[in-house]
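> The sequence and its predicted three-dimensional model are supplied below.
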Amino acid sequence: MTLFTSFRAARWLRTLNLVLQAFLFLTFFAGLNYVAKYQPWRFDLTRTRQFSLSPETLSYVRNLSRPVHVVLTLSPESDSADVRGLIDEYVNATAEHPAGRITKEVLDVYQNRRRAEELGVDQADLLVLISGDKRRVVTVNELYTLKNKQRESFHGEQVLTAAILDVSSPGRQKIYFVVGHSELRLGDADPNRGLTSVRDQLKLRNFEIEEVDLTVTRRIPPDAALLIIVAPQSRYSRPEQELLRQHLAANAGRLIIFLGPGQSAAALGLDDLLLDWGVLVHDDWICDTGAENVSENGDLLIRAYAQHPITKTLLEYAAHLSLGAARTVIPDPGRSLGGGLSTVTLAATSLTAWGERSLRAGSLPRYDPGIDTRPIPGMDPPDRLGIAVASERLGVRDNLPFSVRGGKLVVFGTGDLIANSRVDRGNLAIFLNAVNWTVDRDRQLSIPPRPVERFQLTLSAADFTRLRYTLLLVLPGSTLLLGLLVYWTRRA
C-alpha cells in the first residue's frame, strides 16, 4: 500500500482539506468586512429617497469649517426613526472631512441626568447642535408639517441643514432690547415685568442678547441683527425716532414692537414710524364677551391666524395665544400699495370682540356703536380685529423687484406677550417665529419635503383566528412532516 493510498494519509488529507476550507471561509469574511469598512458602497432603494441627502445639502456640509456635534434627546415614548436616520446621513456624508465632521449622540434625558444637566436640557425630543461655544436647539416637531394634528410631511433636512450652517458659522446674531422708557427688562425676574425666561430661550437658540439705551449711545449698534421694544411707557425723543426710522428704511433693519393699551402711538412718538410701514395702532382696549374667548383669569384667547411663517407653528398645532391687556393693530387702510411694501395681519380676535375706547374703572365694558372700534369692512381677516401685524419692504431696483434684503417690522398690540408669566407654548412659539422671520434665521433652501409614509394592517377577528392556528399548528406540523419524510428517505 503506497503512502497516498493508505488510510493514515487519507485522514491527514481530509483534515488538511477541512483546515484549508475553514481558513478560506474565515479569510473570505475577514476580507468582506475589510472592504465593507474601508470601501463602503451605499445604495438608497427607497421610493422617496429616504436615506439620501440632497445635492444642495451635500455641497454645504462637505465644506464646513468647524465640526458640529448633534445631540438627540429622547424619552421611552419618542418616535424618532426619521430623525435618527437623517442624522446618520449627515454623519456618513462628513465622515471623510475631519475639519467639518458631524457627530451624533443619542441621550435619554431621564436615564442620564448628569449629561442632560451638562447640556442644559431637561426635556425630550430636542436636537441640540453644538459647534465650539455656539449652540442651537431645534425641536423634533419643527421637522414636520402637520395637518389635522397628524404628521403629513418631513422637512427635517431643510431645517437641520439651516441649523447646521447657522451654528457652524463663526459669527453670532445679536439682538438688542431697547431700554430707557420703562420697558420690560431682561434682567428682571418679576412675573409681570421681567423677560428672563425669553432671554434664556433666545440664548438657547444661539443668539447674543444685550440691552441698548438710545438716549445714551445715540446710535444703533452696527452689529444689531434685530431690535426689540417691549411695552414702552414714555415718549421717544426726535433723535431716537429718527434712529429707528433710519434703521428700518436706510439700513434694511429689523424691529419687533410690543405696544400695550394705555398710551397712543402718537404719545409714544412712534405713530409716524408705524404709518411709514403701513401699520395702524388704535388707542383702544380689546374686549370680548364670548366665554370661550376669555380664560378663567381674564386673559384674552386668540385662535385666528393668517398663513405666514410667523404663525406656521400655531396653525399646525392649533395653539392659542394668551394675552393680557391688548389693543387693535391692523394694516393701515390708507397705506400706499406701491414701493414693495407688504403688510399682513398675523393674528386676530374672535367675531364677538370689539375695541373699547371709553373703558372706565369699575364699569362693565359695553360696545358703543360709532365710538368703539369694530372691524373695517373689506379688510382681512373679515369681521375680526387684528392684534399683530407683520410688514416687509422688498428692495426695488430699476423698476424691477429683486430678492434684495429689505426692512422688516412686526407689531404686537400687547405689552406682556413675552413676560415671564406668559411665556407658554403659543406665546413663545409666535415670538420665536417672529424673531426667526425678521433675522432670516432659517434659510430658504430648495430642499423638498418628504411625505410621511404610514402602513396599516387591518385584520378581522376571523383573520386573527386563522393566523393563530397557522402559527400554532400549521408551521410546526409542516416541520414535523418534513422531518418524518427525511427520516423515511434515509431508512429506505
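Perfect, thanks for sending it.

> The stretch 351-492 of the chain: strands as residue ranges?
For the stretch 351-492 of the chain, applying DSSP state E, counting those that start in this stretch gives strands covering 353-356, 386-393, 396-397, 400-401, 408-412, 450-451.

> Out of these, flag the one nearest D440.
For these, the distance to D440 is smallest for strand 408-412, at 8.6 Å, taking CB to CB. The C-beta positions use only the backbone N, C-alpha and C, and glycine is treated the same way.

> mind checking how far that closest one is from the chain centre?
20 Å (CA atoms, centre = their mean, to the nearest Å).

> packing partners for it?
strand 254-258, strand 279-281, strand 386-393, helix 425-438 (3 or more CB pairs under 8 Å, 6 or more residues apart in numbering; DSSP states H and E).

> Least confident secondary structure element in the protein?
In the chain, no helix or strand scores lower on mean pLDDT, DSSP states H and E than strand 400-401, which sits at a mean of 46.

> May I ask you to confirm that R374 is in contact with R357?
No - using CB atoms under 8 Å, R374 is not in contact with R357, being 10.9 Å away.

> give me the number of residues near R374?
15 (other CB atoms under 10 Å).

> Tell me who's in contact with it.
Contacts for R374 (CB atoms under 8 Å, 6 or more residues apart in numbering) come out as W354, G355, Y367, L385.

> Repeat that for A267.
R235.

> picking that back up, with distance to S182 and mean pLDDT as extra columns, can I get the helices and strands packed on strand 408-412 in JSON lines?
JSON lines is the format used below for the helices and strands packed on strand 408-412 (distance: least, CB to CB, whole Å; pLDDT from 0 to 100):
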{"stretch": "strand 254-258", "distance to S182": "13", "mean pLDDT": "96"}
{"stretch": "strand 279-281", "distance to S182": "18", "mean pLDDT": "94"}
{"stretch": "strand 386-393", "distance to S182": "22", "mean pLDDT": "93"}
{"stretch": "helix 425-438", "distance to S182": "21", "mean pLDDT": "88"}
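
> looking at these, which is closest to E89?
For E89, the closest of those is helix 425-438, at 24.3 Å, according to CB to CB.

> Counting neighbours, what do you get for the closest residue to L160 other than its chain neighbours?
Once flanking residues are discounted, L160 sits nearest to L86: 6.5 Å by CB to CB, 6 or more residues apart in numbering. For L86, the count of nearby residues is 24 (other CB under 10 Å).

> Surely R235 is in a strand?
No - residue state for R235 (DSSP: H, G, I helix; E, B strand; the rest coil) corresponds to coil; a strand is not indicated.

> and it, how far is that from V281?
15 Å (CB to CB, to the nearest Å).

> and the two? which has more neighbours close in?
Using other CB under 10 Å as the criterion, R235 and V281 rank with V281 on top: 24 against 15.

> Would you check that the more buried one makes contact with R327?
Yes - counting by CB under 8 Å, R327 is a contact partner of V281 at 6.6 Å.

> so what sits against both of the two?
Joint contacts of V281 and R327 (CB under 8 Å, 6+ apart) are L259, G413.

> residues touching the nearest residue to L146 once chain neighbours are set aside, list them.
For L146, ignoring the flanking residues on the chain, the nearest one in space by CB to CB, 6+ apart is E316 at 3.9 Å. Taking CB under 8 Å, 6+ apart, we find E316 in contact with T145, L146, K147.

> Name the residues linked to the last one by a beta bridge.
The bridge-partner assignment for K147, based on DSSP bridges, gives Q150.

> what stretches of this protein score poorly on pLDDT?
The model of the chain has pLDDT under 70 over residues 1-5, 41-51, 56, 76-79, 149, 336-339, 359-363, 395-405, 442-457.

> and it, what are its domains?
3-38, 55-168, 174-438, 457-492 (automatic domain parsing).

> can you give me the helices for this structure?
7-38, 55-61, 81-93, 113-119, 156-168, 196-204, 214-217, 238-249, 265-268, 271-276, 312-317, 425-438, 461-469, 475-491 (DSSP state H).

> Need these in JSON lines (columns: distance to G290).
As requested, the helices of the chain are arranged in JSON lines below (distance: least, CB to CB, whole Å):
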{"stretch": "helix 7-38", "distance to G290": "65"}
{"stretch": "helix 55-61", "distance to G290": "47"}
{"stretch": "helix 81-93", "distance to G290": "40"}
{"stretch": "helix 113-119", "distance to G290": "42"}
{"stretch": "helix 156-168", "distance to G290": "36"}
{"stretch": "helix 196-204", "distance to G290": "29"}
{"stretch": "helix 214-217", "distance to G290": "41"}
{"stretch": "helix 238-249", "distance to G290": "36"}
{"stretch": "helix 265-268", "distance to G290": "28"}
{"stretch": "helix 271-276", "distance to G290": "29"}
{"stretch": "helix 312-317", "distance to G290": "19"}
{"stretch": "helix 425-438", "distance to G290": "18"}
{"stretch": "helix 461-469", "distance to G290": "47"}
{"stretch": "helix 475-491", "distance to G290": "63"}
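
> R185 is nearest to which of the ones you listed?
Across the helices of the chain, closest to R185 is helix 196-204 (CB to CB), at 8.9 Å.

> Tell me how far stretch 270-281 lies from the chain's centre.
Distance, centroid of stretch 270-281 to centroid of chain: 30 Å (CA atoms, centre = their mean).

> can I get the CA coordinates of it in PDB?
Extracted in PDB, the C-alpha atoms of stretch 270-281 (Å, rounded to 0.1, in the frame of the first residue of the first chain):
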ATOM      1  CA  LEU A 270     -44.000 106.000  17.200                       C
ATOM      2  CA  ASP A 271     -47.000 106.900  15.000                       C
ATOM      3  CA  ASP A 272     -45.100 108.200  12.000                       C
ATOM      4  CA  LEU A 273     -42.700 105.300  12.100                       C
ATOM      5  CA  LEU A 274     -45.600 102.800  12.100                       C
ATOM      6  CA  LEU A 275     -47.600 104.600   9.400                       C
ATOM      7  CA  ASP A 276     -44.400 104.700   7.200                       C
ATOM      8  CA  TRP A 277     -44.600 100.900   7.300                       C
ATOM      9  CA  GLY A 278     -48.400 100.600   6.800                       C
ATOM     10  CA  VAL A 279     -49.300  99.800  10.400                       C
ATOM     11  CA  LEU A 280     -52.200 101.400  12.200                       C
ATOM     12  CA  VAL A 281     -52.400 101.100  16.000                       C
END
